[in-house]
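Q: Following is a predicted model, sequence given first.
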Amino acid sequence: MKVLVFGASGFVGSYLAREFTGHGYEVAGTDIKETNAMPFKFADILDAGSVERVVREVAPDMIVNLAAISSVGQSWNIPQTTVSVNVIGALNILEAAKCLENSPKILFVGSSEEYEASDKPISEKILLNANNPYGISKAAQERFAEVYRERFGMKIYCVRPFNHTGPGQSDSFVLPSFCKQVAEIEKSGKPGVIKVGNLSARRDFSHVKDIVRAYRMILESDDCETVYNVGSGIAYSLKDLLDYILKFSKQEITVEVDPARFRPVDTPVICCDNRLIGEKIGWKPQHTVFDALRDIYIAHIKRTD
């Protein structure tokens, strides 16, 4: 069984490759930036011709689309690009895949940001009502997947993961940013200042290893019409997570709030109701956010650049 991963050079790509190869799959990746995590073919997801070429050459049994503008904060700065990559890119994959005789399974990765704000754990029954460009683009991608599934009989799976993190994630994301700043202060051997944004926000963070395991299990199932949430089911405040990271360092660290790090719109609480995927797929977390924080911090301590 062959798996083709779009956006293979991103944060999740190498973890996904290890998950699938560890279960006997042959994995190939494609992106605009080369990766050595798997056999690689160049393709720009916004170039329909190059997407079609790669899909035709690989003739995969499964396609996973990780190619995305994946930061809510970044999506506010480049809303046009966010919609282009996340929606037009997905359409290019759909158009290329529908021409294959083997009718591959396709997984589109959505987001908890598609849902309307709620102070309670969010189930798949909650209304989709995104309040940022990233969430809106993911909801549009999912709607196109539904249309292509109905019109062309394609096997298109959709998943809505909540926040996930781990070593290798860009420090433009909040938890890697905290870990990197604290690790740099620790390595300096003297007191330092860490800059933060809104610490009152509560978020459901999973270890990326749990997330990619869910992707594999969902694709291996026969039901492509059910959309699953994937998350730990526990929301922690960013302050609590920062306090945990600060304990890794022996140095005196001052926390400084930076207004530039606040988002234009920031949902107070995002927490996953993960009961459906547990009941129907049998998935449950094997790691905690604290495992992920420890792994990220150690990775930054070991960095020599």
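A: Arrived safely.
Q: part of a strand, is M217?
A: No. Going by DSSP: H, G, I helix; E, B strand; the rest coil, the assignment for M217 is helix, not a strand.
Q: contact partners of the longest helix anywhere in the chain?
A: Across the chain, the longest stretch assigned as helix under DSSP state H is helix 133-152. For helix 133-152, contacts defined as Cβ atoms under 8 Å, 6 or more residues apart in numbering pick out 68-72, 74-76, 79, 82-83, 86-87, 90-91, 94, 98, 106, 108, 110-111, 113-115, 128, 130, 154-156, 158, 160, 224-225, 227. For glycine as for every other residue, the C-beta is placed from the backbone atoms N, C-alpha and C.
Q: Any quick ChimeraX command for the buried ones out of those?
A: One line in ChimeraX is enough to select the buried members of these, burial here meaning 16 or more other Cβ atoms under 10 Å:
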select :68,69,70,71,72,74,75,79,82,83,86,87,90,91,94,98,106,108,110,111,113,114,115,128,130,154,155,156,158,160,224,227
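Q: Tell me which entries of the contacts of helix 133-152 lie within helices.
A: Per DSSP H, the subset of the contacts of helix 133-152 in helices is V72, Q74, S75, W76, P79, T82, V83, A90, L91, L94.
Q: dump the residue contacts of the first one.
A: Taking Cβ under 8 Å, 6+ apart as the contact definition, V72 lies against E113, N132, Y134, G135, R263.
Q: what does the second one give?
A: By Cβ under 8 Å, 6+ apart, Q74 lies in contact with T82, Y134, S172.
Q: from those, which is closest to K180?
A: The closest of the contacts of Q74 to K180 turns out to be S172 (Cβ to Cβ; 10.4 Å).
Q: So that closest one sits against G73, correct?
A: Yes. Here S172 reaches G73: they are 7.4 Å apart, a contact under Cβ atoms under 8 Å.
Q: Can you pick out the residue with more neighbours from those two?
A: Higher neighbour count among S172 and G73: G73, with 17 against 11, using other Cβ atoms under 10 Å.
Q: In space, what's closest to that one - neighbours in sequence excluded?
A: R263 (5.7 Å; Cβ to Cβ, 6 or more residues apart in numbering).
Q: likewise S221?
A: Distances taken as Cβ to Cβ, 6+ apart put I281 closest to S221, at 6.0 Å, once the chain neighbours are dropped.
Q: Kindly report the same for E52.
A: What sits nearest to E52 in space, not counting adjacent residues and going by Cβ to Cβ, 6+ apart, is A96, at 4.2 Å.
Q: repeat for E225
A: Nearest to E225 is R149, by Cβ to Cβ, 6+ apart, at 7.2 Å.
Q: Of the contacts of V72, just the buried ones, PyMOL syntax please.
A: Filtering those down to the buried ones (16+ other Cβ under 10 Å) takes a single PyMOL command:
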select buried, resi 113+132+134+135
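Q: Return the closest of the contacts of V72 with respect to A37.
A: Set against A37, the nearest of the contacts of V72 by Cβ to Cβ is Y134 (24.6 Å).
Q: For the ones in helices among the contacts of helix 133-152, give me CSV that also has distance to E252.
A: Listed next are the ones in helices among the contacts of helix 133-152 as CSV, based on distance: Cβ to Cβ, whole Å:
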residue, distance to E252
V72, 32
Q74, 32
S75, 36
W76, 34
P79, 41
T82, 40
V83, 45
A90, 48
L91, 52
L94, 54
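Q: ok so, going back, need the contacts of V72 in JSON lines with distance to D210, can you?
A: Converted to JSON lines, the contacts of V72 look like this (distance: Cβ to Cβ, whole Å):
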{"residue": "E113", "distance to D210": "19"}
{"residue": "N132", "distance to D210": "25"}
{"residue": "Y134", "distance to D210": "22"}
{"residue": "G135", "distance to D210": "22"}
{"residue": "R263", "distance to D210": "25"}
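Q: Check pLDDT for the contacts of V72 and point me to the minimum.
A: pLDDT across these is at its lowest for R263, which sits at 73.
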